[in-house]
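Q: Pasted the sequence and its predicted model underneath.
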Amino acid sequence: MRITFHGATRQVTGSAHLLEIGPYRVLLDCGLFDSERIDPASPNHQLSFDPRTLDAVIVSHAHNDHIGRLPCLVRAGYSGPIYATPATADITSVMLRDSARIQREDVRNAHVRHAHIEAPQPLFELLDVEWVVERLKRLRYDEPTDIVPGVTLTYLDAGHILGSAIVQLDFRENGRSRRFVFTGDLGRRSTSLLPDPTLVRNIDILVSESTYGNRELDSYDRLMKQLHVIVSRATRLQSKILIPAFSLGRTQRMIFCLQELFSVYKVRPIPIYVDSPLSNRLTEIHRDHPEAYTTHARRVMARDPLYFGSRFVEFCQSFDDSRRLNHMAGPMVIISSSGMCEAGRVRHHLRHIVSDPDNAIVIVSFQAEGTLGRQISEGVQRVQILDQWYDLSAAVYVLDGFSGHGDRNDLAWWYEQTGGKIEHGFLVHGEPEAMESLAPLLQPQLLNPVQMPELHASYEV
Ligand SMILES: [Zn+2]
């Protein structure tokens, strides 16, 4: 077989890997690069292969850096199946429709907000998304299915976000059986919400993510204790806690953790407001899949009538709901997006919260350089929000262990359980420093040197 890496090479976005197995061509993921969607010069607008020659597309999970360019495939003539777990299929529909809507607005307002882009145009329209939705083929975990003659796909739970999967392909080549495994994004162990990543043995070819290959994250128990301190402080000071959080995965994890804090850790409950229309829709999908969570999580959630919502959680829909929070007294928690404070309702809450030293801002997600979220997490003295300057006097806590990605210890643990003797191993989805640091932990399981491919690099394996 041949594998060509068309994204997530020495970086964490743009996941897309092309497999050629005998006469068949299979694409793993088709994600967005961290670059403007409406700029025709952006790498998002260049597909490096002809989608009409593909026989199947396999999606690992529904984060935009793994699914965000699926509509570009159908727009360029792809008409075959797109495999996804049922939860991933549900989330993909919501995420891509939202992306089409944002792009349409961005193009309309380009002369104001994106004046540097020449001839802006969207990557895709809503109609392209509907074609993707039509092509989605739902495949549950642990159900081997032939996707092209002689190639069997099995999805295994990756424990990263709802619906996330490890992709296992079994096939015969030159008279011998071979097993190809793509980790997708692997979750942390013992997070109490989602199961640990599934272990896989007898691998011949492995493509592994490496996002936190150079990081050790705080234990879940320690994170919960820190959250306990922050919530108790807000109760004492009658103040507000603002958690900027991505709509998919992080928002639901934070709701669950707070719910667990109240019911298992016996912390005095305070109201939680979730203020993001996209988060609300995605949380509904999370409620539709109670089978996805650990037994412990199901027990915690069963104490209240709603999954990811309880009598302490209120979901804001309208702008009026959102504005009402500004005039309400604490204590309360507001979870709002976007996760890096670059767009969305979170900026309006920040304006009201940021200059009061009794309030707290809790950073629970990765903050890219140059974003407002990054400035806050670094504790600058003044911040510019929606064209006005404010003193940053609120307490700032950075709790990045709530990530959906396993750290280097989690990845090393997963590699050790493979049983070794892996012929070829590739690291993707990580910055070069993370890969360099992780490679020695993977190497003992491999028969050949670890590869860290460049963009568009191709290997016969
Ligand atoms: Zn992911």
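A: It's in. Numbering: from 1, shown residues only.

Q: alpha carbons only for contacts and neighbour counts from here, please
A: Noted.

Q: From the opening residue of stretch 272-283 to its closing one, how far?
A: 14 Å (CA to CA, to the nearest Å).

Q: what's the distance between that stretch and the middle of its chain?
A: Its chain's average C-alpha position is 16 Å from that of stretch 272-283, according to CA atoms, centre = their mean, to the nearest Å.

Q: So which residues of the stretch 251-400 of the chain form strands?
A: Per DSSP state E, counting those that start in this stretch, the stretch 251-400 of the chain has strands spanning 272-275, 313-316, 332-336, 360-363, 382-385, 388-391, 395-398. These are given in chain order.

Q: residues in contact with Met1?
A: Counting by CA atoms under 8 Å, 6 or more residues apart in numbering, Met1 touches 19-22, 460-461.

Q: Would you mind measuring from it to Gly379?
A: Met1 sits 50 Å away from Gly379, going by CA to CA.

Q: again with Gly425
A: 40 Å.

Q: In the protein, which residue sits furthest out from the middle?
A: When each C-alpha in the chain is compared with the mean C-alpha position (CA atoms, centre = their mean), Gly175 comes out farthest, at 38.5 Å.

Q: out of the contacts of Met1, who has the most neighbours?
A: With neighbours set by other CA atoms under 10 Å, the maximum within the contacts of Met1 is found at Leu19, which has 19 neighbours.

Q: Quick check, pLDDT for it.
A: Leu19 is assigned 98 on the pLDDT scale.

Q: got it, and Pro305?
A: Model confidence at Pro305, given as pLDDT, is 65.

Q: correct me, but Arg101 touches Leu126?
A: Yes: contact between Arg101 and Leu126 holds when scored by CA atoms under 8 Å: they sit 7.3 Å apart.

Q: List the buried residues of the helix or strand of the chain with the lowest mean pLDDT.
A: Counting by mean pLDDT, DSSP states H and E, the chain has its least confident helix or strand at helix 110-113, which shows a mean of 77. Buried positions in helix 110-113, judged by neighbour count with 16 or more other CA atoms under 10 Å: Ala110.

Q: got a list of contacts for the next helix or strand after it?
A: Going down the chain from helix 110-113, the next helix or strand is helix 126-135, by DSSP states H and E. By CA under 8 Å, 6+ apart, the list of residues contacting helix 126-135 from outside reads 70-72, 74-75, 79-82, 89, 93, 96-97, 100-101.

Q: can you give me how far helix 126-135 is from the chain middle?
A: On CA atoms, centre = their mean, the centre of helix 126-135 falls 21 Å from the chain's centre.

Q: Name the residues that touch the helix or strand just after it?
A: Once helix 126-135 ends, the next helix or strand along the chain (criterion: DSSP H and E) is strand 136-138. By CA under 8 Å, 6+ apart, the surrounding residues in contact with strand 136-138 are 81-86, 89.

Q: Same check on stretch 363-379?
A: 243-246, 250, 339-342, 383-385, 392, 396-403.

Q: Give me the distance from that stretch to the chain's centre.
A: Taking the mean of its C-alpha atoms, stretch 363-379 sits 17 Å from the chain's own mean (CA atoms, centre = their mean).

Q: One more: stretch 157-165?
A: The chain centre lies 10 Å from the centre of stretch 157-165; the measure is CA atoms, centre = their mean.

Q: please renumber so the chain begins at 27
A: Fine by me, first position is 27 from now on; the one you just mentioned is stretch 183-191.

Q: All the helices of this structure, residue numbers only.
A: In the chain, the segments counted as helices under DSSP state H are 90-93, 96-101, 112-134, 136-139, 152-161, 246-263, 276-289, 303-313, 321-328, 345-350, 372-379, 398-403, 434-442, 458-468.

Q: For these, give me CSV that also has distance to Leu220.
A: Written out in CSV, the entries for these read as follows (distance: least, CA to CA, whole Å):
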stretch, distance to Leu220
helix 90-93, 20
helix 96-101, 26
helix 112-134, 13
helix 136-139, 39
helix 152-161, 26
helix 246-263, 12
helix 276-289, 9
helix 303-313, 12
helix 321-328, 8
helix 345-350, 30
helix 372-379, 26
helix 398-403, 26
helix 434-442, 14
helix 458-468, 24
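
Q: tell me the most buried of the ones you listed?
A: helix 90-93 (a mean of 24; mean count of other CA atoms under 10 Å).

Q: send the alpha carbons of that helix over as CSV?
A: Coordinates of each C-alpha in helix 90-93 appear next as CSV, following Å, rounded to 0.1, in the frame of the first residue of the first chain:
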residue,chain,number,x,y,z
ASN,A,90,-13.3,20.9,12.1
ASP,A,91,-9.6,20.1,11.6
HIS,A,92,-10.7,16.6,10.6
ILE,A,93,-14.0,17.3,8.7
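
Q: Around the nearest residue to Ser381 once chain neighbours are set aside, how many other residues sit close by?
A: Leaving aside its sequence neighbours, Ser381 sits nearest to Ser419 (CA to CA, 6 or more residues apart in numbering; 4.6 Å). Using other CA under 10 Å, Ser419 is surrounded by 18 other residues.

Q: Between Gly451 and Gly405, tell me which one has more neighbours.
A: Set side by side, Gly451 and Gly405 give different neighbour counts by other CA under 10 Å, the larger being at Gly451 (24 against 16).

Q: hey, what's that one bridged with?
A: Beta-bridge pairing of Gly451 under DSSP bridges involves Leu232.

Q: where does this protein have low pLDDT?
A: For the chain, the stretches flagged by pLDDT under 70 are 331.

Q: neighbours around Arg329, how many?
A: Using other CA under 10 Å, the number of residues around Arg329 comes to 12.

Q: and what of Leu332?
A: Residues contacting Leu332 under the criterion other CA under 10 Å number 12.

Q: check contacts around the residue nearest in space to the middle of the chain.
A: With distances taken as CA atoms, centre = their mean, the chain has His89 as the residue nearest its mean C-alpha position (4.3 Å). With contact taken as CA under 8 Å, 6+ apart, His89 is in contact with Leu274.

Q: Look up how far Leu308 lies from it.
A: Relative to Leu308, His89 is positioned 12 Å away (CA to CA).

Q: Between those two, which contacts overlap?
A: With contacts taken as CA under 8 Å, 6+ apart, His89 and Leu308 have Leu274 as neighbours in common.

Q: how about the strands of the stretch 277-426 of the chain in JSON lines, adding distance to Val372 and mean neighbour count?
A: As requested, the strands of the stretch 277-426 of the chain are exported to JSON lines (distance: least, CA to CA, whole Å; neighbours: other CA atoms under 10 Å):
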{"stretch": "strand 298-301", "distance to Val372": "8", "mean neighbour count": "24"}
{"stretch": "strand 339-342", "distance to Val372": "12", "mean neighbour count": "18"}
{"stretch": "strand 358-362", "distance to Val372": "5", "mean neighbour count": "26"}
{"stretch": "strand 386-389", "distance to Val372": "11", "mean neighbour count": "24"}
{"stretch": "strand 408-411", "distance to Val372": "10", "mean neighbour count": "16"}
{"stretch": "strand 414-417", "distance to Val372": "15", "mean neighbour count": "12"}
{"stretch": "strand 421-424", "distance to Val372": "15", "mean neighbour count": "18"}
